[in-house]
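Peer 1: Got a predicted structure plus its sequence, pasted below:
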Amino acid sequence: MTKLSVNINKFATLRNSRGGDNPSVVQAAIDAQTFGADGVTVHPRPDERHIRYADVRAIKHIITTEFNIEGNCSERKFVDLVLEVKPHQVTLVPDAEGQLTSDHGWDTIKHAAYLKKMVALFQQSGIRVSIFIDPVEDLIRAAKDTGTNRVELYTEAYARQFLAHPEIAVAPYRKAAQVAHEVGLGINAGHDLDRHNLRYFSQQVPHLDEVSIGHALICDALYLGFENTIQIYQRKLGK
């Protein structure tokens, strides 16, 4: 069954808008797991505009499921944090400094040598590595050569086309997943997946290990409640 990892960055965004610790991101991580999430995802950025590095350290101590840290491994501070915390998984995302949100995957051909070095560094500490990537066959095959354990398919293009042309939207992801499976890579997915497009994606994309969902899930939780929303998303995944 495909696992649901809940990205709790938006709890930190709300907290930071007023200072203090309300809402508590540590409590959000505890509740996400209690309410049925299979894991917790955070994406600390250098300016700490949402999740702070101290949050990541604090969350580590209450994880009972899986902990996934996303970020740009070109930032030494991020690398040091991951090696210190030792999450179950690190997802390497090629964000530029100050970037609002992730908007592209790695060019695993152009950056092959660099990614191979970084993958090995994290794996030496027992951390599973996933590379954020566009659904392109050549990039998937090149990702295999880096030694990564998994790829995370960047799903914004799917979400953008889904309502008008679901079959066209999902086709590159189905093919990418098939190629990834053939070469022995695990398959994650994330970005703009929501309660409307998730079921179709999970039914059409084979061998899907994990989806990481934050923005849409937290927006739904404002109206539907956090526990209820997590359960809704799990049902979309067939659980």
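Peer 2: The structure has been received and is ready for your questions. Numbering: from 1, shown residues only.
Peer 1: and Gln123, what does it touch?
Peer 2: By CB atoms under 8 Å, 6 or more residues apart in numbering, the contact list for Gln123 reads 129, 147, 149. Where C-beta positions appear, they are placed from N, C-alpha and C, glycine not excepted.
Peer 1: ok, it to Lys116 distance?
Peer 2: According to CB to CB, to the nearest Å, Gln123 and Lys116 sit 11 Å apart.
Peer 1: hey, what's in contact with both of these two?
Peer 2: Gly147.
Peer 1: on that earlier part again, go through the contacts of Gln123 and give me the one with the most neighbours.
Peer 2: In terms of neighbours by other CB atoms under 10 Å, those top out with Val129 at 23 neighbours.
Peer 1: who's in contact with Phe162?
Peer 2: Per CB under 8 Å, 6+ apart, neighbours of Phe162: 169-170, 196-197, 200.
Peer 1: separation between it and Ile230?
Peer 2: For Phe162, the distance to Ile230 equals 21 Å [CB to CB].
Peer 1: before we move on, what about Val136?
Peer 2: In this view, Val136 and Ile230 are 32 Å apart by CB to CB.
Peer 1: Please apply the same query to Ala164.
Peer 2: 28 Å.
Peer 1: more crowded one of those two?
Peer 2: Shown here are Ala164 and Ile230; by other CB under 10 Å, Ile230 has more neighbours (25 against 8).
Peer 1: Can you give me every residue that contacts the nearest residue in space to the more buried one that is not next to it in sequence?
Peer 2: In space, and not counting its chain neighbours, Ile230 is closest to Phe35: 4.5 Å by CB to CB, 6 or more residues apart in numbering. Applying CB under 8 Å, 6+ apart to Phe35 gives the contacts 226-227, 230-231.
Peer 1: Give the buried residues for the helix or strand hosting Lys117.
Peer 2: Assigned by DSSP states H and E, Lys117 falls within helix 112-123. For helix 112-123, the neighbour count (16 or more other CB atoms under 10 Å) marks 115, 118-119, 121-122 as buried.
Peer 1: do stretch 172-187 as well
Peer 2: 172-173, 176-177, 179-180, 185-187.
Peer 1: would you list every one of the strands in the chain?
Peer 2: Assignment of strands within the chain using DSSP state E yields the ranges 3-7, 39-42, 67-71, 89-92, 128-133, 150-154, 186-190, 208-213.
Peer 1: In a markdown table: those strands, plus mean pLDDT.
Peer 2: A markdown table is the format used below for those (pLDDT from 0 to 100):
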| stretch | mean pLDDT |
| --- | --- |
| strand 3-7 | 98 |
| strand 39-42 | 98 |
| strand 67-71 | 97 |
| strand 89-92 | 98 |
| strand 128-133 | 98 |
| strand 150-154 | 98 |
| strand 186-190 | 98 |
| strand 208-213 | 98 |
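Peer 1: Rebuild those strands as TSV, extending it with distance to Cys219.
Peer 2: As requested, those are exported to TSV (distance: least, CB to CB, whole Å):
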stretch	distance to Cys219
strand 3-7	12
strand 39-42	16
strand 67-71	19
strand 89-92	22
strand 128-133	22
strand 150-154	20
strand 186-190	15
strand 208-213	11
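Peer 1: Understood, closing this out.
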